[in-house]
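# can't give you the sequence, but here's the structure:
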């Protein structure tokens, strides 16, 4: 079972602020779920969760628009927050004193019989991760891969070369039919994005 809640707010970094709509994904069953990226509106997310148990709130990275509802949601549903520790510097810009549970590459987070394998995919942010659910034929890509190309790398703590390497080595080997559920905008598939790798490389240089 995959649910999506779209929430709206702002993304701020390097002195700029932008209006954004974020995809919040609920993955699991009718009894329990994992929340992927608690963005902007803890009450709206909790309402969609309903009476299901939240096993974990997983942050694909620590840009403020992906974590700004994490603390409030954790308090509402009593779930731990999981984040790759390479994003500590970004996390502290929002939560200087809030602890989280460190995520590791290859770790499996599960809810309702669905297993999500953590793929560390730095580039958009140092601690960016994607979550691969083979039984669902899906990967939750955060801001690493979008419908149309890689996530932005023009701001602090990001690297175009690194994100391309992450996509090439961690995402493109997944089955072509794998649905890519993104942090913003429409979903896509690995097969739809794979042919464009050379275009991204050419565009980046």
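Perfect, I can see it now. If you're wondering where the values come from, they're calculated on a predicted model, not measured in any experiment.
# what's the closest non-adjacent residue to residue 193?
Spatial nearest neighbour of residue 193, excluding adjacent residues (Cβ to Cβ, 6 or more residues apart in numbering): residue 145 at 6.2 Å. C-beta: built from backbone N, CA, C; applies to glycine.
# show me the contacts for that neighbour.
130, 151, 167, 171, 180, 182, 188, 193 (Cβ atoms under 8 Å, 6 or more residues apart in numbering).
# Which ones among those map onto helices?
residue 193 (DSSP state H).
# so can I have a markdown table of the contacts of residue 145 showing neighbour count?
Shown next, in a markdown table, are those (neighbours: other Cβ atoms under 10 Å):
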| residue | neighbour count |
| --- | --- |
| 130 | 26 |
| 151 | 26 |
| 167 | 24 |
| 171 | 22 |
| 180 | 23 |
| 182 | 23 |
| 188 | 19 |
| 193 | 22 |
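# Pull the number of nearby residues for the closest residue in space to residue 32 that isn't next to it in sequence.
Distance criterion Cβ to Cβ, 6+ apart; nearest residue to residue 32, sequence neighbours excluded, is residue 53 at 4.2 Å. By the criterion of other Cβ atoms under 10 Å, residue 53 has 15 neighbours.
# just residue 19 next, same as before
9.
# Can you name the helix or strand that it falls in?
strand 16-28 (DSSP states H and E).
# Parallel or antiparallel, list what pairs with that strand.
In the sheet, strand 16-28 lines up against strand 2-13 (antiparallel), strand 32-36 (antiparallel) (DSSP bridges).
# Please tell me how far the residue nearest to residue 193 sits from residue 171.
Shown here: residue 145 relative to residue 171, a distance of 6 Å by Cβ to Cβ, to the nearest Å.
# Would you map the strands across the protein?
Assigned by DSSP state E, the chain shows strands spanning 2-13, 16-28, 32-36, 53-58, 81-83, 101-102, 108-111, 114-120, 129-133, 138-142, 145-146, 149-150, 179-182, 188-189.
# what about stretch 47-62, start to end distance?
End-to-end distance of stretch 47-62 (Cα to Cα, to the nearest Å): 23 Å.
# ok so, going back, deepest of the strands paired with strand 16-28, which one?
strand 32-36 (a mean of 26; mean count of other Cβ atoms under 10 Å).
# which secondary element of the protein has the worst mean pLDDT?
helix 197-204 (a mean of 73; mean pLDDT, DSSP states H and E).
# Contacts for that helix next, please.
Under Cβ under 8 Å, 6+ apart, the answer for helix 197-204 is 149-150, 160-161, 164, 167-168, 172.
# Tabulate those residues (a markdown table), appending distance to residue 9 and pLDDT.
A markdown table is the format used below for the contacts of helix 197-204 (distance: Cβ to Cβ, whole Å; pLDDT from 0 to 100):
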| residue | distance to residue 9 | pLDDT |
| --- | --- | --- |
| 149 | 23 | 93 |
| 150 | 23 | 95 |
| 160 | 26 | 94 |
| 161 | 30 | 94 |
| 164 | 28 | 94 |
| 167 | 26 | 96 |
| 168 | 32 | 93 |
| 172 | 31 | 95 |
